[in-house]
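Engineer: build me a structure from this.
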Amino acid sequence: MRLTALGFTAMIAAAGCPLPAQAEEKLFAEATESDQRLKELHHEAGDLCLRNPSRDVEVVVACKAMIIYGLALNERGWCHGRQDEANAQKDWHICESGSDRFSLDHLTDF
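Structural biologist: Sure thing, here's the model as predicted:
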């Protein structure tokens, strides 16, 4: 069964499931989106999440979707920013030792 990012987030929230800190296996090995499409989806979710101070459900879901898209891209070797960069400078690049990575732990933070 394929889950969309929003469906995956809703399923986790509804079940109240704790997530492991690190996945032993890839969560999105069968995803069909291209890397470019995942980057676009991350950016679109960020437009709503990062530019909106509201805590409406739609905004919270967009913020969680950013993490899910980031996790999927991390699995493919892409990272968003480096640890010594300001947020405004961060961009997608091939992961290196000093690259920022998304964590499953962020899905349970509200």
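
Engineer: host element of the most centrally placed residue in the chain?
Structural biologist: Geometric centre of the chain, nearest residue: Ile67, 1.8 Å, by Cα atoms, centre = their mean. Using DSSP states H and E, the element containing Ile67 is helix 57-75.

Engineer: once you drop chain neighbours, what's closest to the residue nearest to the centre of the chain?
Structural biologist: Nearest non-adjacent residue to Ile67, counting by Cβ to Cβ, 6 or more residues apart in numbering: His106, 4.9 Å away. All C-beta spots, glycine's among them, are computed from the backbone N, C-alpha and C.

Engineer: before we move on, what about Gly81?
Structural biologist: Going by Cβ to Cβ, 6+ apart, Gly81 has Lys90 as its nearest residue, at 2.8 Å.

Engineer: correct me, but the one you found touches Cys79?
Structural biologist: No. Counting by Cβ atoms under 8 Å, Lys90 does not reach Cys79; the two are 9.2 Å apart.

Engineer: who's more crowded, these two?
Structural biologist: Shown here are Lys90 and Cys79; by other Cβ atoms under 10 Å, Cys79 has more neighbours (21 against 14).

Engineer: those strands in the protein, which residues are they?
Structural biologist: Counting by DSSP state E, one finds strands in the chain at the ranges 78-80, 92-94.

Engineer: out of the ones you listed, the one nearest Ala62 is which?
Structural biologist: Among these, strand 78-80 comes nearest to Ala62, with 15.6 Å by Cβ to Cβ.
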